[in-house]
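> Output the structure for:
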Amino acid sequence: MSITKEQIMESLKKVLYFPKGSNVVDLDMVDRLTIEGNKVSLALVYPQANDKNAHIVKDAAERTLKADLGESIELFIDTMSEQEAGRGPLGKVKNIIAIASGKGGVGKSTVASNLAIALAKTGAKVGLLDADIYGPSMPVMFGLNGERPGAKEENGKTKILPIEKYGIKMLSIGFFIEENKALMWRGSMASNALNQLFNDADWGELDFMVLDLPPGTGDIHLTLVQSVPVTGAVIVTTPQNVALADVRKAADMFKNDSIKVPLLGVVENMSYFSPEDCPDKKYHIFGQGGGQLVANEVGAELLGNIPIVEAIAETGDRGVPIALDDSTATAKTFNEIAKKIIRNVDKRNVEQAATRIVQIDPNASCSTN
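Model (predicted):
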């Protein structure tokens, strides 16, 4: 007896997704269904990455299909987030890059803003989400103090319209709070606010979304990386030992079994100082080689070294990040870092696709070359 799509879907109507109180068919969670003889492959699509109910639903689907269609059926069931399946508010965002640091004061937001610009200069469509909820700095760095995002109605819901500048779509909690006012939110409130910036905004098509995380490894980090399909993380450090110790903690967080976000590389900021009248002379004020050392320890690439340059702070304060000025050596460094990130993202995506093919069909052969 040949298996039909109708039989599969009718059987899966018995499989419930309890968080939404209905079955996986009516919730439109079944995707990429293919049937070849007695081989059936499909994907179950969840609202968010790392859904804690995924393995329960998958096991229930396997039991139900075999009970209805026979034990001889060969099943290959994949699990995907809406973003991976091209659905939902982030469905058109191809890659989400988290910029993180183990501690504050290492220039993470400066690196994030300039990397977003460097990525956009490659021709990529780029978004920037300032998730540093207690210290949002992107409104200042992009000269957008006092600006407010627009809004539109879509299917009965209000969608936030990111502000665009320098070819980058941008949202920050700083657009919604009073300047110079302390934000006294508990972790759950902060996490909910950030989820709104992801899920209630019209981001459109993006090749890269740069996510400027808060410093540290707290509750906000866990909520974000477990609810949003982060492609990979870039960790920012300075050369001194106290910063390196915190980088190791941040790297350990991303490698945790409940998170498993690949490290795309390490950026060493404030690496050295060169006087204007002697540009070839480098003074390693905070030490030397720390970024390379910690990159080796965490198994990641050192993407680049950003020097201490007065113009970086000046241009950021004026809302014109230095990466916009290709005549500067610093802009060229950010451009090189952006190219390395794109290379590492492409490599990661190819490896992930190959792994998924093997998981769905262990007899499949594929090449990642």
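
> Show me what the worst-scoring helix or strand of the chain on mean pLDDT is packed against.
Using mean pLDDT, DSSP states H and E, helix 219-227 stands out as the lowest-scoring helix or strand of the chain, at a mean of 73. Secondary-structure packing of helix 219-227 (3 or more CB pairs under 8 Å, 6 or more residues apart in numbering; DSSP states H and E): strand 96-100, helix 187-199, helix 241-255. Every residue, glycine included, has its C-beta placed from N, CA and C.

> ok, 7 Å please
Applying 3 or more CB pairs under 7 Å, 6 or more residues apart in numbering; DSSP states H and E, one finds that helix 219-227 contacts helix 187-199.

> Please enumerate residues in contact with the least confident helix or strand of the chain?
By CB atoms under 7 Å, 6 or more residues apart in numbering, the list of residues contacting helix 219-227 from outside reads 48-50, 98, 131, 133, 187, 190-191, 194-195, 213-214, 253, 258-259, 261.

> Can you say which of those are buried?
Neighbour-count burial (16 or more other CB atoms under 10 Å) applied to the contacts of helix 219-227 gives 48-50, 98, 131, 133, 190-191, 194, 213-214, 253, 259, 261.

> Buried residues of the least confident helix or strand of the chain, list them for me.
Applying 16+ other CB under 10 Å to helix 219-227 flags I220, H221, L222, T223, L224, V225, Q226, S227 as buried.

> Let me have the residues you listed in a markdown table, adding distance to E84 as columns.
Below are the buried residues of helix 219-227 laid out as a markdown table (distance: CB to CB, whole Å):
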| residue | distance to E84 |
| --- | --- |
| I220 | 23 |
| H221 | 21 |
| L222 | 20 |
| T223 | 19 |
| L224 | 17 |
| V225 | 15 |
| Q226 | 15 |
| S227 | 13 |
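
> low-scoring stretches of this protein, by residue?
Along the chain, segments meeting pLDDT under 70 span 1, 180-187, 218, 355-369.

> Give me the longest helix you can find in it.
For the chain, the helix that runs over the most residues, judged by DSSP state H, is helix 329-360.

> tell me the angle it makes with strand 96-100.
Going by axes from the mean of the first three to the mean of the last three CA atoms, to 10 degrees, helix 329-360 is angled at 120 degrees with respect to strand 96-100.

> helix, strand or coil for M9?
helix (DSSP: H, G, I helix; E, B strand; the rest coil).

> isn't it right up against V25?
Yes: checked against CB atoms under 7 Å, the pair M9 and V25 is within contact range at 5.4 Å.

> Please state the backbone phi and psi of the residue nearest to E147 when sequence neighbours are not counted?
Spatial nearest neighbour of E147, chain neighbours left out: I163 (5.8 Å); criterion: CB to CB, 6 or more residues apart in numbering. Main-chain dihedrals, I163, degrees, to the nearest 10: phi -80, psi 140.

> Next, the contact list for I163, please.
Neighbouring residues of I163 by CB under 7 Å, 6+ apart: L144, E147, P149, M170.

> could you redo the last one with a cut-off of 10 Å?
Shown in contact with I163 (CB atoms under 10 Å, 6 or more residues apart in numbering): 128, 138-139, 142, 144, 147-150, 169-172, 175.

> And those residues, which is closest to K20?
Distance to K20, by CB to CB, is smallest for L171 among the contacts of I163, at 26.8 Å.

> Three-state assignment for that closest one, please.
strand.

> where's it relative to F208, distance?
Distance of L171 to F208, given as CB to CB, to the nearest Å: 15 Å.

> G299 now?
Going from G299 to F208 by CB to CB gives 23 Å.

> more crowded one of the two?
Between G299 and F208, counted using other CB atoms under 10 Å, the more crowded position is F208 (26 against 10).

> Setting aside sequence neighbours, what's the nearest residue to A151?
Distances taken as CB to CB, 6+ apart place T158 nearest to A151, at 5.3 Å, with adjacent residues excluded.

> which SS state does E179 fall under?
Using three-state DSSP, the structure places E179 in coil.

> ok, the closest residue to it other than its chain neighbours - contacts?
Once flanking residues are discounted, E179 sits nearest to N145: 6.7 Å by CB to CB, 6+ apart. Taking CB under 10 Å, 6+ apart, we find N145 in contact with P139, G174, F175, E179, G319.

> now the end-to-end length of stretch 254-266.
End-to-end span of stretch 254-266 (CA to CA, to the nearest Å): 13 Å.

> what about that stretch, distance to the chain center?
Remark: stretch 254-266 is offset 11 Å from the chain centroid, using CA atoms, centre = their mean, to the nearest Å.

> what does stretch 138-147 give?
Taking CA atoms, centre = their mean, the mean C-alpha location of stretch 138-147 is offset from the chain mean by 22 Å.

> Which positions in that stretch come out as buried?
Applying a neighbour-count criterion of 16+ other CB under 10 Å, the buried positions in stretch 138-147 are M138, P139, V140, M141, F142, L144.

> Stretch 258-275 now?
With burial defined by 16+ other CB under 10 Å, the residues of stretch 258-275 counted as buried are 259, 261-272.

> Let's have the residues you listed in JSON lines, adding secondary structure and distance to K339.
Listed next are the buried residues of stretch 258-275 as JSON lines, based on DSSP: H, G, I helix; E, B strand; the rest coil; distance: CB to CB, whole Å:
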{"residue": "I259", "secondary structure": "coil", "distance to K339": "26"}
{"residue": "V261", "secondary structure": "coil", "distance to K339": "21"}
{"residue": "P262", "secondary structure": "coil", "distance to K339": "18"}
{"residue": "L263", "secondary structure": "strand", "distance to K339": "17"}
{"residue": "L264", "secondary structure": "strand", "distance to K339": "12"}
{"residue": "G265", "secondary structure": "strand", "distance to K339": "12"}
{"residue": "V266", "secondary structure": "strand", "distance to K339": "16"}
{"residue": "V267", "secondary structure": "strand", "distance to K339": "13"}
{"residue": "E268", "secondary structure": "strand", "distance to K339": "17"}
{"residue": "N269", "secondary structure": "coil", "distance to K339": "18"}
{"residue": "M270", "secondary structure": "coil", "distance to K339": "22"}
{"residue": "S271", "secondary structure": "coil", "distance to K339": "19"}
{"residue": "Y272", "secondary structure": "coil", "distance to K339": "22"}
